[in-house]
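K.L.:
turn this into a structure:
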Amino acid sequence: MSTDLNLSLRPATTDQFTALYAILALAGEHMHRALDLSYWHPFPSSDKFIARLAERDNYAVYLDDTLVGTFGIGPKPEPYYHEDMSAYWHGPDAQATYFSTFAILPGYQQRGIGSWCMQQADQIARDGGYDWLRFDAVALNNKLLTFYSRLGYERRGLLPVGSVQVMCYEKHLR
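P.N.:
Numbers count the residues shown, from 1 in each chain. Below you'll find the model as predicted:
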C-alpha cells in the first residue's frame, strides 16, 4: 500500500451523479467477473440509483485529477434495515451516521485508496458530531469483510436482505 498517493476528497455535485453511478456499476461488474459475486450485477437502473444519491452527502475521490472512487454518508439508515436494529447496533438510538455507495474503480483498487477513504469517512462523521459510523457489506465477500475488520470496524451480525445476507458493521468514533 502506497502512502505517497496524491489523493483528495471533494463533495460531489449533482452534475457528477452519473459519473459516480458509472464507478459503482463498473465496480459491480468487476466483482461479478473477477470474484463471481453478483449482488451488484446487474446494477440498478441509473435513474433509480441516482435518486437515492440525493438522500446523503456524496463524495468524489480523486487521485491527482482523476476521479477514481466515491462514497456517501448520511443520517438516514438503509431502507432495508429493520425498524428495530437493536440486535445489530450498540445503542441503536445513539448519534450515528451511515456509510454507503462506496466504490473504487477496479484499475485503482489495491493501492490503499479504500483505506484512505475509510479514514476520511470516519473524520467526516466525527466532524459532523456523530458517535458511530454504521454500514453493511455483503457477507459473501470475505476479502471485503476482512478489509473492514482490519480497519477497526466491528462486525455486528448478519442481516438477511432479499436473497443475500449482509454483515452489519459499526465503529465508535469518540
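K.L.:
hey, let's count contacts and neighbours off CA atoms from now on
P.N.:
Will do.
K.L.:
and the strands in this structure?
P.N.:
Ranges of strands within the chain are 7-11, 57-63, 66-74, 96-104, 132-138, 154-161, 164-172, based on DSSP state E.
K.L.:
can I get the lowest-mean-pLDDT helix or strand in the chain in PDB? Just the C-alpha atoms.
P.N.:
In the chain, the helix or strand scored least confidently by mean pLDDT, DSSP states H and E is helix 46-53, which has a mean of 78. Extracted in PDB, the C-alpha atoms of helix 46-53 (Å, rounded to 0.1, in the frame of the first residue of the first chain):
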ATOM      1  CA  SER A  46     -29.300   4.700 -13.200                       C
ATOM      2  CA  ASP A  47     -32.500   6.800 -12.600                       C
ATOM      3  CA  LYS A  48     -33.500   4.800  -9.600                       C
ATOM      4  CA  PHE A  49     -30.000   4.700  -8.100                       C
ATOM      5  CA  ILE A  50     -29.200   8.400  -8.800                       C
ATOM      6  CA  ALA A  51     -32.400   9.300  -7.000                       C
ATOM      7  CA  ARG A  52     -31.000   7.500  -3.900                       C
ATOM      8  CA  LEU A  53     -27.800   9.500  -4.100                       C
END
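K.L.:
buried set for that helix?
P.N.:
Across helix 46-53, burial judged by 16 or more other C-alpha atoms under 10 Å covers 50, 53.
K.L.:
for stretch 128-145, same thing?
P.N.:
Buried-residue list, stretch 128-145, by 16+ other C-alpha under 10 Å: 130-139, 141, 145.
K.L.:
and the spatially closest residue to residue 153 that is not a sequence neighbour, how many residues sit next to it?
P.N.:
Excluding the flanking residues, the one nearest residue 153 by C-alpha to C-alpha, 6 or more residues apart in numbering is residue 171, at 4.9 Å. Per other C-alpha atoms under 10 Å, the neighbour tally for residue 171 reads 21.
K.L.:
who's in contact with residue 171?
P.N.:
Residue 171 makes contact with 132-134, 152-154, according to C-alpha atoms under 8 Å, 6 or more residues apart in numbering.
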